[in-house]
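*Asks:* Following is a predicted model, sequence given first.
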Amino acid sequence: MHTHLVLLRGINVSGQKIIKMEDLRNLLTEAGFENVQTYIQSGNIFVDTPEANPEKIEQQITALLLEKYNFQVPVVAVSEESLLQIFHNNPYLNEFAMPVKQLYVAFLATEPLPENESKLDPNFVQPDTFRFSEDRRALYLCYENPAGNSKMNNNWIENKLKVTATSRNWNTVTKLIGLFEARKN
């Protein structure tokens, strides 16, 4: 069995794309996923499955959500190994000691093409900044002002990189690490 963290983007925000977590757990369990666990209402789900490929998990869950709710939901699946790598290599903590409340991670469904990476103009989002993770499957985001007021948002990231993205604040990332660990016990 493989455990995946599945991140949904844009659900239960401002009364849009409402999905109750109990309904979501039931839907995924009925579809054959095991040990389905959700964390808060913003679409953080752990699933166990024989499928190792995160892209196949993303496709399966995207199709299930479209069929059940009749709207498209961007989905990103992350392994424990990837999440740990992202967690331990945040340059804003390791190099710059930035306050946690300013830090987010944008998880990317696939590694962007190099020519699209160059379209992310750091001057456009100043004073906010970003850095790619080592595997190019995430962006570390540092907001000088509240994230909701920034030009550096998921739409900008997706538009430039041409990949699906969903962001989580650093406190949520930390909690998700703990939940991965708790599932082993």
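*Replies:* The structure has been received and is ready for your questions.

*Asks:* Where does the record place the domain boundaries for the chain?
*Replies:* Using automatic domain parsing, the domain parsing of the chain gives 2-79, 81-183.

*Asks:* Let me see the mean pLDDT of the longest one.
*Replies:* Meaning domain 81-183. Across domain 81-183, the average pLDDT comes to 94.

*Asks:* What is the end-to-end distance of it?
*Replies:* Counting by Cα to Cα, to the nearest Å, you get 14 Å between the two ends of domain 81-183.

*Asks:* and if you look at stretch 11-28?
*Replies:* Terminal-residue distance, stretch 11-28 (Cα to Cα): 16 Å.

*Asks:* coming back round to it: columns mean neighbour count on top of the domains of the chain, output as JSON lines?
*Replies:* Just so you know, the C-beta spots here come from the backbone N, C-alpha and C atoms, and that holds for glycine as well. Shown next, in JSON lines, are these (neighbours: other Cβ atoms under 10 Å):
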{"stretch": "domain 2-79", "mean neighbour count": "17"}
{"stretch": "domain 81-183", "mean neighbour count": "16"}
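
*Asks:* From the contact counts, what lies against the longest helix anywhere in the chain?
*Replies:* Ranked by residue count and defined by DSSP state H, the top helix of the chain is helix 54-69. Secondary-structure packing of helix 54-69 (3 or more Cβ pairs under 8 Å, 6 or more residues apart in numbering; DSSP states H and E): strand 2-8, helix 21-30, strand 75-79.

*Asks:* 10 Å - rerun?
*Replies:* strand 2-8, helix 21-30, strand 44-49, strand 75-79 (3 or more Cβ pairs under 10 Å, 6 or more residues apart in numbering; DSSP states H and E).

*Asks:* Strands along this structure, start to end?
*Replies:* Secondary structure of the chain (DSSP state E): strands at 2-8, 34-39, 44-49, 75-79, 103-108, 129-132, 138-142, 165-169.

*Asks:* So for residue 69, which of the ones you listed sits nearest?
*Replies:* With Cβ to Cβ as the criterion, residue 69 lies closest to strand 2-8 of these, at 10.9 Å.
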